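> Pasting the sequence and the predicted coordinates here, then a few questions.
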Amino acid sequence: MTRVFSGIQPTGEMHLGNYVGAVRRWVDDQERAEAIYCVVDLHAMTVPYDPSVFRSETQRLAMLLLAAGLDPQRCIVFVQSHVPLVTELTWILNGIATVGELRRMTQFKDKSHGQESVSAGLFDYPVLMAADILLYDTDEVPVGDDQTQHVELARDIAIRFNHRFGDTLVVPRATIPPVGARVKDLQRPEAKMSKSIDSPQGTILVLDSPAAITKKVRSAVTDSGSEVRFDPDEKPGVSNLLALYASATGTGVAQAEGEFAGAQYGTFKAAVAEALVEYLRPVRERYEELAADPGEVARILAGGAAKAEAIATVTMERVRSSTGLLLPE
Ligand code: TRP
């Protein structure tokens, strides 16, 4: 069976872009593949962060993933640092990855640009990500376009490793989301919705109240003209809302376009807001149930880590043996 692995960082709140673009696909994949999903807390430590909220943010994101529909009976959900073998594999892969290829990572260039001080961890981040992927014998890695370069690197590292030490690691490949799943910022529809852009009004959070969702959709940037039409170049704002409506209601974009032919922007936005409120309502409700039962969440994460560790242990036995490490008695 195909093994799928993906990760998400516990920084900031989960927003609609993460949900539609990534997490919903993860939910689908647990039905067809052996899926492993990870809250990558160690990755989040490569940039300055606030330790007083780090633990609760990690916990919160894990709860959101469960609320969004990841089912611990159908997939593995765990916290990266709970399986410390990943750091051992990172170190070993550091002997395979080259400074030259890490320097070419566009995310590193973007994140380090103009910074006075950049951690060694930020530079090595893609190797930790490669270790995540390779530790779990991953075939497919569902990621956004901004991460495909990192998955390519993981692939190159696996191939080089196997060449140097004999067949040891599964060579992974990235799977990227369909175009309709790329949610744009409501205020700046030319940019993708993200937690890093400073645009609170343009970003719908998965746990936003219905009132907040409605307000953000109502103030979304629409384009000149008054036609509700799917045309991402000419009408990026309206097209983004149409795509969101289609995702939320499970219809196609063309069908959504037909539904609003001749409608005013105001009517259209009200319908989009309502669809999004209903779409996110079950997630918010499940989240509240989980939040009331932290013991249950801890049990789920412990179970996930135990299953993940069992897989990782077997991989690391192969890695230690093929790399020639002296094995302890
Ligand atoms: N770097 C990814 C991101 O920021 C998160 C991540 C860490 C990841 N490890 C991973 C994604 C392994 C896929 C597979 O989105």
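Nice, I can see it. Numbers count the residues shown, from 1 in each chain.

> Report the next helix or strand after the helix or strand containing G7 in sequence order.
According to DSSP states H and E, G7 maps onto strand 3-8. From strand 3-8 onward toward the C-terminus, using DSSP H and E, the following helix or strand is helix 16-18.

> Give the next helix or strand downstream of that next one.
Next along the chain from helix 16-18, counting by DSSP H and E, comes helix 24-32.

> pLDDT on the strand holding G7, on average?
For strand 3-8, mean pLDDT is 98.

> With stretch 78-87 instead?
The model assigns stretch 78-87 a mean pLDDT of 98.

> which stretch of helix or strand covers whichever residue of the stretch 151-300 of the chain sits closest to the ligand?
As assessed by Cβ to the nearest ligand atom, the ligand sits closest to V151 within the stretch 151-300 of the chain, at 7.0 Å. Glycine gets a C-beta too; all of them are placed from N, C-alpha and C. Secondary structure assignment for V151, by DSSP H and E: helix 148-165.

> Specify the angle between that helix and strand 3-8 in degrees.
130 degrees (axes from the mean of the first three to the mean of the last three Cα atoms, to 10 degrees).

> Tell me the helices and strands packed up against helix 148-165.
For helix 148-165, the packing partners by 3 or more Cβ pairs under 8 Å, 6 or more residues apart in numbering; DSSP states H and E come out as helix 106-112, helix 120-135, strand 173-175.

> Can I take it that S226 is in a helix?
No. Assigned with DSSP: H, G, I helix; E, B strand; the rest coil, S226 falls outside any helix and is coil.

> what residues are up against the nearest residue to it once chain neighbours are set aside?
Using Cβ to Cβ, 6 or more residues apart in numbering and skipping the chain neighbours, the partner closest in space to S226 is Y265 (6.4 Å). Residues in contact with Y265 (Cβ atoms under 8 Å, 6 or more residues apart in numbering) are T222, S226, V228, V238.

> do the same with T87
So T87 contacts L42, L128, A131 (Cβ under 8 Å, 6+ apart).

> between those residues, which is nearest T2?
Taking Cβ to Cβ as the measure, T2 lies nearest A131 of those, at 20.2 Å.

> Now do the closest one against K215, distance only.
According to Cβ to Cβ, to the nearest Å, A131 and K215 sit 42 Å apart.

> and the residue lying closest to A291 once chain neighbours are set aside, how many neighbours?
Distances taken as Cβ to Cβ, 6+ apart place M63 nearest to A291, at 6.3 Å, with adjacent residues excluded. As a burial measure, M63 scores 23 neighbours (other Cβ atoms under 10 Å).
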